[in-house]
Every structure is written in structure tokens, then in C-alpha cells.
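> I'd like to go over a predicted model; first the sequence, then the structure.
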Amino acid sequence: MSAVSKGTDETVATSDRAGQEIFTPHDHAACVSNSFAAAEARCESGKVRLTENRRRVLDLLLEEHRPMGAYAILERLRAIGYSAQPPVAYRALDFLMEKGLAHRIESLNAYVACSNPENCTNPAFLVCQVCDRVAEAQADDRPSAAALAAGKIGFEIEQEFREARGTCPSCTNKA
């Protein structure tokens, strides 16, 4: 394990390559295939169905490792022949997030497929502001700087988002 500093006391724990494949050329067909296999296994073990709508939305999220808003998903569904209304996309996204197969990137009001649904416990998102790709890493279990500050004044955090914006290695090397 290595750690990536986020400019605070908090670090994002990563394996040597966690998230890196998102920013570099990789076998995307295998990436998508592995994600669908994990999604199907999760649904089967939870005795829930990965319906055609849910599968299609997951497929759209997996296409390029870029976050997509709900209305962009609806537009893409319509473009491939689905007569999709907003509840269709939101229901599918709610299901995918509830089952740990997708995440919402709060700062972008958009969604990404989970890159590691088997071991996703404390995700942090690294957003490239040049190419718009998002890599997912696992944050360590130590309290964040915000949690420590909140504890000092008795503030109870209900939800904390771990997102960082910057430039990925591919975009940095292009400059």
C-alpha cells in the first residue's frame, strides 16, 4: 500500500496501481466485463435483479470512466432507442448506488460506476479537471480533518464526501 496526500491529515490508501488504470490505456473490454461480472454476482447474492434498464445505465457509466449526470444518461438512453423518462434513470441510479455498483460525485452532480464493488468501503474520488475522468481509491479509516474539527466543537457529520480535483498523469504528461 502507498498513500496519496490530499493536502490535509487525511490520506487516500491505494495499492500501487489503484485508480491508475482509469487514467492510462488499459484493456477496457476486460474492465467492463469484470465490472458486469461483479454486478451480476452482487445482485445474485442479494437476490435482486439487474434489469435491462439497470444494466443499460451501468453500461453507460462504464463506457469512458467519466461521470455522467442523470439527464445525460437519459439522452443516451433515448439515442439508443429507449423511451426513457427521468424516473427511469433515477430509479436505476438509486438501485446501482444502493447495491454499491455506482457512486454519486457530489461536486459534479454526476455518477460513476464503482471500480471495485467487491471491496468498496470508503471511496475517495480523484477527478481530472482536464479529461474529466474519475478514479476511485479507497480512503483509509482514520478520521478526516473535517471529522476531527467537527469532533472538537461537537458537530455531528452525517455524510462526508471525499473528492479531489487535479490533473491525472496522462494529462500532466501531455503538457
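All right, it came through fine. None of the values given here were measured: they were computed from a predicted structure. Numbers count the residues shown, from 1 in each chain.
> count of residues packed around residue 55?
Residue 55 is surrounded by 17 other residues when neighbours are defined as other C-beta atoms under 10 Å. Placement of C-beta: from N, CA and C, glycine included.
> and it, how far is that from residue 153?
Residue 55 sits 46 Å away from residue 153, going by C-beta to C-beta, to the nearest Å.
> which residues of this structure fall in strands?
Counting by DSSP state E, the segments of the chain that form strands are 2-5, 11-14, 102-105, 110-113, 123-128, 134-139, 163-166.
> and those as TSV, adding distance to residue 86, mean pLDDT and mean neighbour count?
TSV is the format used below for the strands of the chain (distance: least, C-beta to C-beta, whole Å; pLDDT from 0 to 100; neighbours: other C-beta atoms under 10 Å):
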stretch	distance to residue 86	mean pLDDT	mean neighbour count
strand 2-5	36	35	12
strand 11-14	33	38	20
strand 102-105	16	95	20
strand 110-113	14	94	24
strand 123-128	24	91	22
strand 134-139	23	87	23
strand 163-166	25	93	14
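> for those strands, which one sits closest to residue 62?
Ranking those by their distance to residue 62 (criterion: C-beta to C-beta) puts strand 110-113 first, at 4.8 Å.
> Only the C-alpha atoms, please, for the closest one, written as CSV.
Output in CSV follows, covering the C-alpha atoms of strand 110-113 (Å, rounded to 0.1, in the frame of the first residue of the first chain):
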residue,chain,number,x,y,z
ALA,A,110,-23.0,13.2,-11.6
TYR,A,111,-22.5,9.4,-11.3
VAL,A,112,-19.7,6.9,-11.9
ALA,A,113,-19.6,3.2,-11.9
